[in-house]
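Novice: Just the structure for this:
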Amino acid sequence: MPNGETQKFDSLVLGGGIAGLAAALDLADAGYKVAVVERDATIGGKMIRLSKVFPTLDCASCITTPKMAAAAHHPNITLFTLCRLEGAERADGQVRARITQLPRYVDPAKCIGCRQCEYECPVMVPDQEQGGFTARKAIYIPFSNAIPQLALIDRESCMMCGKCSSICPTGAVDQLMTEREFFIEADTMVLSTGFELMEDFPARAYGAPGLGDNVISSLQMERLLAPHGPYMRVLRPGDGKEPESVAFIQCAGSRDLQLGKSYCSRVCCMYAIKQAMLLSGSLPLADLTIYYMDIRAFGKNYEQFYNNAKAMGVEFVKAKPIIAGNNPDGSVVLRYEDQEGGTGAVSREHDLVVLSLAMLPAFAPERIVPVSAASDGFIDVPQPKLAPTLTEAAGVFTCGAAAGPKDIVDSIAEAGAAALGAAKYLAAKRGGQAA
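Specialist: From the prediction side, this is the model:
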């Protein structure tokens with residue numbers, strides 16, 4: 001693609017997670033040309049990194065991978081991965097987006113995904129796709145079902161030994177690749193930029209650089225539970241021991257005025273219950289405890305899911321504990337006030353602690369004129385109850401966690417609503433004629 005080139009589409013979908021893919025597929029099936037711009041090297045978003053989904057405990061990859069493949073092979077969808085949106089504005093009835101294509105240092109037109117370069121590379125670095133628990137090479141494909149199946153080079157870790165270049169059968173490795181800027185013009189835009197977790201929670205909450213190797217995030221626990229996870233079983237990362245006691249701390253950053261996040265992240269209660277239920281199967285003798293402020297089981301069959309967990313022996317403690325320290329054996333010390341038993345301050349030890357971290361916006365909506373951010377940092381929706389996908393800008397819609405924390409069911413439902421809104425807008429603009 002030449003530098004500065006402009007490509008035109010009917011709709012631009014920003015974000016290739018489950019919501020963005022669902023919206024793109026609906027628009028494409030209606031006959032519209034769609035561009036999906038994703039900042040990651042692969043589409044699939046957070047959902048493809050999960051183990052199972054609540055409350056059905058269906059395989060997350062089994063749901064997401066077909067949509068990824070459908071989007072990649074749809075004649076009306078063009079994928080732009082490893083791209084960064086620099087800015088967009090609406091003018092003359094169109095959205096014009098300025099996008100930077102980040103270099104893979106591997107020519108996508110030549111790469112055949114054989115992974116010979118990855119096997120030959122001598123450099124090992126922590127693999128964040130596996131929670132940082134295992135290693136990957138400096139040149140790699142993110143994971144086995146990544147789409148597109150294209151390698152990329154981590155230039156910060158690459159030692160420039162040239163082994164990948166020498167082994168590549170198509171000569172795809174290109175260490176001289178640079179960033180390229182291009183433009184996309186579209187009549188409509190769907191913002192499905194998703195969320196990130198408050199990864200800096202431990203330092204901000206406790207004034208310490210870290211809480212020990214055996215305090216992990218909920219997404220790291222997803223990787224431990226995944227059948228293709230880092231250890232192929234649940235082990236605590238500090239020493240490889242099979243944990244005999246696992247604790248989940250809810251609202252780790254959410255509903256916390258001190259941290260500036262007064263909102264509920266909505267899905268934390270349910271995914272903690274899901275993870276505890278999965279752990280009860282993989283670690284049948286382990287003690288499982290969920291420390292909560294309030295259990296928010298708001299969806300269909302969610303309350304029954306919660307009751308099933310209690311029936312399975314998961315302990316629920318109404319408390320907001322702090323992490324007081326770590327013992328020499330690696331166990332984590334929690335202290336909290338007993339709010340139901342009335343016994344005052346309580347101290348307990350657990351082999352592994354999982355933090356249900358706050359969900360944060362993954363995108364600054366101010367980059368898109370005239371879209372703005374709400375007080376919580378997510379995309380502002382003027383009519384959240386009547387029209388939760390409409391933004392301030394005509395022809396610009398939002399769906400999924402871009403406008404606030406949501407579960408997968410609501411994200412997909414909103415994606416359909418955003419796609420319908422965009423299709424209606426396109427049809428009205430073109431005099432009621434489908435594209």
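Novice: For D338, give me its contacts.
Specialist: D338 sits next to 319, 344-346 when contact means CB atoms under 8 Å, 6 or more residues apart in numbering. Using the backbone N, CA and C atoms, a C-beta is placed for each residue, glycine as well.
Novice: List the buried residues of the longest strand seen in the chain.
Specialist: As assigned by DSSP state E, the longest strand anywhere in the chain is strand 180-191. The neighbour-count check on strand 180-191 (16 or more other CB atoms under 10 Å) flags 180, 182, 184, 186-191 as buried.
Novice: and if you look at stretch 356-373?
Specialist: Neighbour counts over stretch 356-373 (16+ other CB under 10 Å) mark 356-363, 365, 367-369, 371 as buried.
Novice: As JSON lines, the residues you listed with pLDDT, secondary structure and distance to D58 would be great.
Specialist: Output for the buried residues of stretch 356-373, formatted as JSON lines (pLDDT from 0 to 100; DSSP: H, G, I helix; E, B strand; the rest coil; distance: CB to CB, whole Å):
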{"residue": "S356", "pLDDT": "95", "secondary structure": "strand", "distance to D58": "21"}
{"residue": "L357", "pLDDT": "93", "secondary structure": "strand", "distance to D58": "24"}
{"residue": "A358", "pLDDT": "94", "secondary structure": "coil", "distance to D58": "26"}
{"residue": "M359", "pLDDT": "96", "secondary structure": "strand", "distance to D58": "22"}
{"residue": "L360", "pLDDT": "95", "secondary structure": "strand", "distance to D58": "27"}
{"residue": "P361", "pLDDT": "95", "secondary structure": "strand", "distance to D58": "27"}
{"residue": "A362", "pLDDT": "94", "secondary structure": "coil", "distance to D58": "25"}
{"residue": "F363", "pLDDT": "91", "secondary structure": "coil", "distance to D58": "28"}
{"residue": "P365", "pLDDT": "89", "secondary structure": "helix", "distance to D58": "32"}
{"residue": "R367", "pLDDT": "85", "secondary structure": "helix", "distance to D58": "35"}
{"residue": "I368", "pLDDT": "87", "secondary structure": "strand", "distance to D58": "34"}
{"residue": "V369", "pLDDT": "82", "secondary structure": "strand", "distance to D58": "40"}
{"residue": "V371", "pLDDT": "91", "secondary structure": "coil", "distance to D58": "34"}
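Novice: from the residues you listed, which two are the most distant?
Specialist: Of all pairs drawn from these, the greatest distance, 35.0 Å, lies between S356 and V369 (CB to CB).
Novice: Below-threshold pLDDT in the stretch 201-350 of the chain: ranges please.
Specialist: Across the stretch 201-350 of the chain, the ranges flagged by pLDDT under 70 are 201-211.
Novice: mind listing the helices for it?
Specialist: Here the stretch 201-350 of the chain has its helices, by DSSP state H, counting those that start in this stretch, at 201-206, 218-225, 268-282, 302-311.
Novice: so what secondary structure elements neighbour the second one?
Specialist: Right, helix 218-225. In terms of contacts (3 or more CB pairs under 8 Å, 6 or more residues apart in numbering; DSSP states H and E), helix 218-225 is packed against helix 268-282, strand 352-357.
Novice: ok, 10 Å please
Specialist: In terms of contacts (3 or more CB pairs under 10 Å, 6 or more residues apart in numbering; DSSP states H and E), helix 218-225 is packed against strand 195-197, strand 215-217, strand 245-252, helix 268-282, strand 352-357.
Novice: the inter-axis angle of it versus strand 352-357?
Specialist: Counting by axes from the mean of the first three to the mean of the last three CA atoms, to 10 degrees, helix 218-225 points 130 degrees away from the direction of strand 352-357.
Novice: relative to helix 268-282, how tilted is helix 218-225?
Specialist: Angle of helix 218-225 versus helix 268-282, following the same axes, to 10 degrees, is 20 degrees.
Novice: ditto for the last one
Specialist: Orientation note: helix 302-311 sits at an angle of 40 degrees relative to helix 268-282 (the same axes, to 10 degrees).
Novice: neighbours of R39, just the number please.
Specialist: By other CB atoms under 10 Å, 20 other residues sit near R39.
Novice: Using CSV, write down the CA coordinates of the longest strand of the chain.
Specialist: C-alpha atoms of strand 180-191 as CSV (Å, rounded to 0.1, in the frame of the first residue of the first chain):
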residue,chain,number,x,y,z
ARG,A,180,3.3,3.9,6.7
GLU,A,181,0.4,6.3,6.9
PHE,A,182,-2.8,5.9,4.9
PHE,A,183,-6.4,7.2,5.0
ILE,A,184,-9.8,5.5,5.0
GLU,A,185,-12.9,7.3,3.9
ALA,A,186,-16.3,5.9,4.8
ASP,A,187,-19.9,7.0,5.1
THR,A,188,-20.3,5.4,8.6
MET,A,189,-18.1,4.3,11.4
VAL,A,190,-18.6,1.8,14.2
LEU,A,191,-16.5,2.1,17.3
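Novice: Quick check: neighbours of that strand in the sheet, parallel or antiparallel?
Specialist: Under the criterion DSSP bridges, strand 180-191 sits next to strand 6-14 (parallel), strand 94-101 (antiparallel), strand 396-398 (parallel) in its sheet.
Novice: Of the ones you listed, flag the one that's most buried.
Specialist: strand 396-398 (a mean of 30; mean count of other CB atoms under 10 Å).
Novice: Return the distance of the helix or strand that it is followed by from the chain's centre.
Specialist: The helix or strand immediately downstream of strand 396-398 is helix 408-429, counting by DSSP states H and E. Chain-centre distance of helix 408-429: 21 Å, with CA atoms, centre = their mean, to the nearest Å.
Novice: tilt between helix 408-429 and strand 94-101?
Specialist: Using the same axes, to 10 degrees: helix 408-429 against strand 94-101 is 130 degrees.
Novice: For helix 408-429, list every residue counted as buried.
Specialist: Buried-residue list, helix 408-429, by 16+ other CB under 10 Å: 408, 410-423, 425-426, 429.
Novice: Kindly report the same for stretch 66-86.
Specialist: In stretch 66-86, counting by 16+ other CB under 10 Å, buried: 67-68, 71-72, 74, 76-83, 85.
Novice: what do you get for stretch 55-62?
Specialist: Quick answer for stretch 55-62 (16+ other CB under 10 Å): 55, 60-61.
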